[in-house]
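>>> Following is a predicted model, sequence given first.
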Amino acid sequence: SKLPSRKDRDRGANDRGLIAVFHDVTDLRRLETIRTDFVANVSHELRTPVTAISTAAETLLAGALGEPEEAAEFVDVIDRHAKRLRQLVDDLLDLSKIESKNYRLVLVEQDVIPVVGHVARLLDEAAKRRRVELRIERAEGPLPARVDRRAMEQVLMNLLDNATKYAGEGAHVTVSAQARAGGGVEIRVIDDGPGISPQHLGRIFERFYRVDAGRSRDLGGTGLGLSIVKHLVELMNGTIDVESTLGKGSTFTVRLPPTGERASRDRG
Ligand code: ADP
């Protein structure tokens, strides 16, 4: 076969170069928009609690300290908003850590059933307080998957916390852990709460996206939980998706690959 002439080779290289540059510019623009949106969102989220705290403190200093009942009210405002601020900063730090290039999880093959059980026990108290019935449905025997124990706990905590929080009084929440037909593990968090409408469903994994921002804030939400969850699941080579019907409830499904899969890909 004939070798390409030098001119042909150069032109080929230039074409490729030009395409690469175009890609870079659109990527950069896209990243820039994401970054500015993010900073705007963070500033907006920080402003509410900071304003509330400083207004309450000013009122106390201006004389409310002398009125025990009034004082207690303003101290309560400071306490609640300081907690919210703290949750927001914790979530932001988590997210920035997880999104940084050098972040690595420690994936260890282990049975996920004890992890599910542990998290369900941790959430049991909160579920009772919210008058939600929490059930576990697990397969017999071990369900091995390559996971980072802490990341897996954080994923399940977030999903179960959301389910018990948004489903509300009288709801049922089930966490189920089963083997997948083709190998691997499937963990589902099912609630029979209000559900999420189709127009919102595609966006709930985005940072700061909330169906009802007021309700989420009242319940202590930051809008970052599900984006952290998605990142962590993907770092464990898994996938997460959601199905939901308004008035019926929501199901979040985490799928983890068979334990052999990664190992053979690493070798290849
Ligand atoms: P938040 O801190 O607001 O809970 P998340 O990222 O965890 O943020 O969730 C994003 C939004 O998705 C929530 O504000 C809520 O509107 C919706 N959502 C999440 N889980 C459920 C659920 N189980 N049922 C109904 N809505 C949910």
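Nice, thanks for sending it over.

>>> Mind jotting down where the helices sit in the stretch 1-150 of the chain?
6-61, 68-99, 113-129, 149-167 (DSSP state H, counting those that start in this stretch).

>>> mind listing what the closest residue to residue 247 other than its chain neighbours touches?
Leaving aside its sequence neighbours, residue 247 sits nearest to residue 195 (C-beta to C-beta, 6 or more residues apart in numbering; 5.8 Å). The C-beta positions use only the backbone N, C-alpha and C, and glycine is treated the same way. Residue 195 is in contact with 244-250, counting by C-beta atoms under 8 Å, 6 or more residues apart in numbering.

>>> Now for these: which two are most distant?
Within the contacts of residue 195, two members stand farthest from each other by C-beta to C-beta: 247 and 250, at 11.1 Å.

>>> rewinding a little: and the residue nearest to residue 247, how far from the ligand?
To the ligand, residue 195 is 6 Å away according to C-beta to the nearest ligand atom, to the nearest Å.

>>> do residue 124 as well
17 Å.

>>> partner residues bridging the closest residue to that residue other than its chain neighbours?
Distances taken as C-beta to C-beta, 6+ apart put residue 134 closest to residue 124, at 5.9 Å, once the chain neighbours are dropped. With DSSP bridges applied, residue 134 shows beta-bridge pairing to residue 173.

>>> Ok, residue 147 next?
residue 108.

>>> just checking, it touches residue 236?
Yes. Residue 147 sits in contact with residue 236 when judged by C-beta atoms under 8 Å, with a separation of 5.2 Å.

>>> Mind listing the shared neighbours of these two?
Common neighbours of residue 147 and residue 236 (C-beta under 8 Å, 6+ apart) are 107, 256.

>>> More neighbours: which of the two?
Each of residue 147 and residue 236 has its neighbours counted (other C-beta atoms under 10 Å); residue 147 has more, 29 against 21.

>>> residues in contact with residue 204?
Contacts for residue 204 (C-beta under 8 Å, 6+ apart) come out as 196, 210-211, 226, 242.

>>> Which positions in the stretch 51-200 of the chain make contact with the ligand?
Residues of the stretch 51-200 of the chain lying close to the ligand by C-beta under 6 Å from any ligand atom are 162-163, 166, 191, 193-194, 196.

>>> Show me which of those residues is closest to residue 27.
residue 196 (30.5 Å).

>>> Quick check: closest non-adjacent residue to the closest one.
Using C-beta to C-beta, 6+ apart and skipping the chain neighbours, the partner closest in space to residue 196 is residue 244 (4.3 Å).

>>> And for residue 106?
Of all residues not flanking residue 106 in the chain, residue 148 sits nearest, at 5.3 Å (C-beta to C-beta, 6+ apart).

>>> give the contact list for the one you found.
Contacts of residue 148 by C-beta under 8 Å, 6+ apart are 105-108, 232, 235-236.

>>> Thanks a lot, see you next time.
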